[in-house]
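Q: need a 3D model of the following:
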Amino acid sequence: MNTHRSYRLLGAACVLAIAACSSLLDVKNPNNVNQSDLSNPASAAAQASGVLATVERAWGQILTPYSIATDELTWIGSRDAWQSLDQGTISEPTNEFVDAAFFTVGEARWWADETIKRLRGFDSTNVLPDRDDLARTYLFGAVIYTMIGNLFDNYPIGSDRTTAGAPLGAAKMDSLYKVAIAYATNGIAIAQATGNKDLELSLTSERAVARYYLAVWAKLNPAPATVPVASPLVNDAAAVADANAALALATTLGAADWRYQFHYDPTTISTDIGFEVNERQEMRIGSAYVYPICTVSGCATGGRTVVVDSLALKDPLDNKADPEVTRFLLNNADGFLKSTRWGPLTFLSARELHLIVAEAALAAADNTGFQNAINAERALDGLSAYTGTGPTALAMLQYERQRNLFLQGRRLIDEYRFGLNADLWQAGSEAIVDPGTFLPITISERIANQYCIADPVSCGGR
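A: This next block holds a predicted model:
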């Protein structure tokens, strides 16, 4: 399994600490990089690690409000802004938790772009000590652009610290995936040149995912009048080619069940989602996945406990608790419910690659190809092969995505395109009456960004 350690970005002055420090002000620490040192090629590795730190911090925070808006998490605490999301009010710009997470995402995007520019400059003059540092920075940049495309309806990509950028507008959010594809393509070329197969695997997987979600984006934009959308399945030849190439690389590396994960620990970065679920207990895992059942937002009927009595999500063929959700939540080593705020979070995986291939086959009415791809993924858990009997192929695809992409920022997309309302969305909520609604440009940006002030509609959603 491929994993990455966390590093912390310290403050607006762009001071990077890439190892545990005795003090945040320990100026003697040789691993600290000051802003004045950023033009020194010797700092390239530290700068790349700083990008990783900002991206994984953003993921650990923005995933919380996104997931509570789906059926994956349920609000059980005291803060009404969580309840609003839980009940299907997603685009409210004053939601305090979306607003707080918005800045971490923007910082990660900016830091990725800036570092790519600097390291690309070093590379062009042949002074970059290790070209893999540029390749992995391309990877982190591709990840944050894909993240924004999947989670937001609008975003001010051009903002640069004290200089505001104009919002893209909902109709142009597909450009984020195109940047991600270009970044990943550049990174792949470097990884192939240096012979770094692990990095090539991560970059190829990221490009497959970016290409796939670009095609998914087109299914939900312009906003569909009703759901499920008329043709929800994606068959993108380039995404499938990348998925198959990455799966072949994973096999070569002996990592059939490969995952690209962000890792967190007490010496580096913690996750907001782990804090809110496991420590503050503002929310718990949704009732579609675990018992005890929570039947209403706030759990007035009971079920407030975070403790999992048993898994509610059952495999439709073997009728047993889903093994992948069980692993993610309860694994003794790093299960989400056992690791407080430091459990690893997955962003890319071989499982999702199999699902991209399977969905394309299903869209092309290739039942054999669908079954082969789905069963290759199911074999990772020792589950019975799907032969076409029992659940429909579409139902199997929906289930396999639900279980294998749990808490990975994919669920809202599937709920919309397949017409699967989250359990606690309220009648009349925008998630139901305006399907395809995602997170907004939030209030702090709107009152600070000159373009939003001059034209508030431009910073709105759909």
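
Q: ok, then the element right after the helix ranked longest in the chain?
A: As assigned by DSSP state H, the longest helix anywhere in the chain is helix 96-124. Sequence order places helix 131-151 as the next helix or strand after helix 96-124, per DSSP states H and E.

Q: hmm, residue 82 and residue 96 touching each other?
A: No: in terms of Cβ atoms under 8 Å, residue 96 does not count as a neighbour of residue 82; the distance is 9.4 Å. For every residue, glycine as well, the C-beta is placed using N, CA and C.

Q: looking at these two, which has the bigger crowd around it?
A: Remark: of residue 96 and residue 82, residue 82 carries more neighbours, 26 against 16, as counted by other Cβ atoms under 10 Å.

Q: give me the neighbour count for the closest residue to the more buried one other than its chain neighbours.
A: Distances taken as Cβ to Cβ, 6 or more residues apart in numbering put residue 75 closest to residue 82, at 4.3 Å, once the chain neighbours are dropped. Using other Cβ under 10 Å, residue 75 is surrounded by 25 other residues.

Q: same deal with the one 3 residues further on?
A: Taking other Cβ under 10 Å as the criterion, the count of residues near residue 78 is 11.

Q: likewise for residue 330?
A: By other Cβ under 10 Å, 15 other residues sit near residue 330.

Q: any weak-confidence spans in the stretch 301-450 of the chain?
A: 301-309 (pLDDT under 70).

Q: all the helices of it, residue numbers only.
A: 323-330, 350-363, 367-378, 393-404, 411-418, 430-433, 443-446, 450-454 (DSSP state H, counting those that start in this stretch).

Q: how about the fourth one: buried residues?
A: Neighbour counts using 16 or more other Cβ atoms under 10 Å place 393, 396, 397, 398, 399, 400, 401, 402, 403, 404 of helix 393-404 among the buried residues.

Q: cool, the first one as well?
A: Residues of helix 323-330 classed as buried by neighbour count (16+ other Cβ under 10 Å): 323, 324, 325, 326, 328, 329.

Q: pipe those into a markdown table and attach distance to residue 373 per row.
A: Shown next, in a markdown table, are these (distance: Cβ to Cβ, whole Å):
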| residue | distance to residue 373 |
| --- | --- |
| 323 | 18 |
| 324 | 16 |
| 325 | 20 |
| 326 | 23 |
| 328 | 21 |
| 329 | 26 |
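
Q: between the residues you listed, which sits nearest residue 47?
A: Of all those, residue 328 has the smallest distance to residue 47: 31.8 Å, by Cβ to Cβ.

Q: wait, that closest one touches residue 335, no?
A: Yes: the criterion here is Cβ under 8 Å, and residue 328 meets it with residue 335 at 6.9 Å.

Q: mind checking how far residue 224 is from residue 419?
A: Here the criterion is Cβ to Cβ, to the nearest Å. By it, residue 224 lies 10 Å from residue 419.

Q: how about residue 161?
A: Applying Cβ to Cβ to residue 161 and residue 419 gives a distance of 42 Å.

Q: cool, residue 447 as well?
A: For residue 447, the distance to residue 419 equals 36 Å [Cβ to Cβ].

Q: give me phi/psi at the residue nearest to the spatial centre of the chain?
A: Centre of the chain computed as the mean C-alpha position; nearest residue by Cα atoms, centre = their mean is residue 409, 4.5 Å away. With angles defined as degrees, to the nearest 10, residue 409 sits at phi 70, psi 30.

Q: so it touches residue 147, yeah?
A: Yes: with contacts counted by Cβ under 8 Å, residue 409 reaches residue 147, the gap being 6.9 Å.

Q: quick check: neighbours shared by the two?
A: Contact criterion Cβ atoms under 8 Å, 6 or more residues apart in numbering; residues shared by residue 409 and residue 147: 59, 62, 347.

Q: out of the residues you listed, which are buried?
A: Buried members of the shared contacts of residue 409 and residue 147, scored by 16+ other Cβ under 10 Å, are 59, 62, 347.

Q: excluding chain neighbours, what is closest to the last one?
A: Taking Cβ to Cβ, 6+ apart as the measure, residue 347 lies nearest to residue 260, with 5.6 Å between them; neighbours along the chain are not counted.

Q: same check, this time on the second one
A: Setting aside the residues directly before and after it, residue 62 is nearest to residue 101 in space (Cβ to Cβ, 6+ apart), at 4.3 Å.

Q: I'd say that neighbour and residue 57 touch.
A: No: the pair residue 101 / residue 57 is not scored as a contact, 10.0 Å apart, by Cβ under 8 Å.

Q: so between residue 161 and residue 419, which is more surrounded?
A: Counting neighbours by other Cβ under 10 Å for residue 161 and for residue 419 shows that residue 419 has the greater number, 14 against 10.

Q: and that one, how far is that from residue 431?
A: According to Cβ to Cβ, residue 419 stands 12 Å off from residue 431.

Q: one more: residue 442?
A: Distance from residue 442 to residue 431, counting by Cβ to Cβ: 18 Å.

Q: report how many residues lie close to the residue lying closest to residue 434 once chain neighbours are set aside.
A: Counting by Cβ to Cβ, 6+ apart, the nearest residue to residue 434 once its immediate chain neighbours are dropped is residue 223, at 6.7 Å. Residue 223 has 14 neighbouring residues, counting by other Cβ under 10 Å.
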